[in-house]
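In: using only what follows, build the 3D model:
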Amino acid sequence: MELIDTHTHLDFPDFDSDRRDVLANSRALGVRRMVVLGVYQQNWQRLWDLVQADEGLFAAFGLHPVYLDEHRPADLTELGDWLTRLQGHRQLCAVGEIGLDYFLEQLDRDRQQRLFEAQLKLAVDVQLPALLHVRRSHAAVIATLKRFRLPRGGIIHAFAGSREEAREYIKLGFKLGLGGAATWPQALRMHKVLAQLPLDAVVLETDSPDMAPAMYPGQRNSPEHLPDICVALAERMGTTPLLLAEASTRNACELFNWQ
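Out: Purely as a prediction, here's the structure:
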């Protein structure tokens, strides 16, 4: 069973003590490729250095809304420079992690919106997919995507919306990222949505080191957990782990233009 972790933060210090072991164990379990996402300017170089040392890792660069107060105006210009300089490199796969977060009330929504739109424009300019953080902001994100129309779509990370919102994202060319949060027994609304999602619209992810699945409560999440996440989600979706893994891998390869 071959898997792709479409959303990880392997560059975070949480993995500094055993990153090599995590990578080896993940590969042994079938997780062949992983996408590592940048969240602020200070981690882009560290992330790129990590990716360059392993041909099975792929980079996305972005300015995450949760770190809004850490971003400087110059960071957006620098992001454009990074994306332009690396355009066409096989290990640059997306713009992300970007988006809107309405859960944290202290984050200025107008500033978030401006930053989000500027980064969507960059994704259009460099012809890359966008990997989106969407927390309690589906309506605003969908409205924005309808205005920008990304030619290569992207992924709605940790999708937890309704069936209707799923349908809107799919029409806009986006895949729905599914991970640990949907495995928890209390995620009852999401379980109903999972059973209605088409396999050609989903990709699997961990968000490691965050969002540990129900079978690893309170632990650091890891790409090593992706096979167990796949098994748990397949049961909720009324399919087999193998079919879900095959669909997720196929969908990710199509999105990122991988062989």
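In: and the next helix or strand past the lengthiest helix in the chain?
Out: The longest helix of the chain (DSSP state H) is helix 109-126. The helix or strand immediately downstream of helix 109-126 is strand 130-135, counting by DSSP states H and E.
In: so which elements touch that following strand?
Out: For strand 130-135, the helices and strands in contact under the criterion 3 or more Cβ pairs under 8 Å, 6 or more residues apart in numbering; DSSP states H and E are strand 92-101, helix 109-126, strand 154-157. Placement of C-beta: from N, CA and C, glycine included.
In: where do the strands of the stretch 151-259 of the chain begin and end?
Out: Taking DSSP state E, counting those that start in this stretch to define them, one finds strands in the stretch 151-259 of the chain at 154-157, 174-178, 202-204.
In: can you list the ones you listed in JSON lines and add distance to Leu194 and mean neighbour count?
Out: Output for the strands of the stretch 151-259 of the chain, formatted as JSON lines (distance: least, Cβ to Cβ, whole Å; neighbours: other Cβ atoms under 10 Å):
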{"stretch": "strand 154-157", "distance to Leu194": "14", "mean neighbour count": "28"}
{"stretch": "strand 174-178", "distance to Leu194": "7", "mean neighbour count": "25"}
{"stretch": "strand 202-204", "distance to Leu194": "9", "mean neighbour count": "26"}
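In: adding mean pLDDT, write those strands out as CSV.
Out: Shown next, in CSV, are the strands of the stretch 151-259 of the chain (pLDDT from 0 to 100):
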stretch, mean pLDDT
strand 154-157, 98
strand 174-178, 98
strand 202-204, 98
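In: could I get those as JSON lines with distance to Asp49?
Out: Converted to JSON lines, those look like this (distance: least, Cβ to Cβ, whole Å):
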{"stretch": "strand 154-157", "distance to Asp49": "23"}
{"stretch": "strand 174-178", "distance to Asp49": "25"}
{"stretch": "strand 202-204", "distance to Asp49": "26"}
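In: so for Leu3, which of those sits nearest?
Out: Of all these, it is strand 202-204 that lies closest to Leu3, at 6.3 Å by Cβ to Cβ.
In: in terms of secondary structure, what does that closest one contact?
Out: Partner elements for strand 202-204 (3+ Cβ pairs under 8 Å, 6+ apart): strand 3-8, strand 174-178, helix 226-237, helix 241-256.
In: out of these, indicate the one that is most buried.
Out: Ranked by mean neighbour count, these are led by strand 3-8 with a mean of 28 (mean count of other Cβ atoms under 10 Å).
In: contacts for that one?
Out: If you take Cβ atoms under 8 Å, 6 or more residues apart in numbering as the criterion, strand 3-8 is touched by 26, 29-37, 97, 131, 155, 157-158, 177, 179, 203-208, 223, 226-227, 230, 245, 248-249, 252-253.
In: what of stretch 74-85?
Out: With contact meaning Cβ under 8 Å, 6+ apart, stretch 74-85 is reached by 40-41, 44, 61-63, 92, 95, 115, 118-119, 122, 125-126, 128.
In: give me the buried entries from those.
Out: 40-41, 44, 61-63, 92, 95, 115, 119, 122, 126, 128 (16 or more other Cβ atoms under 10 Å).
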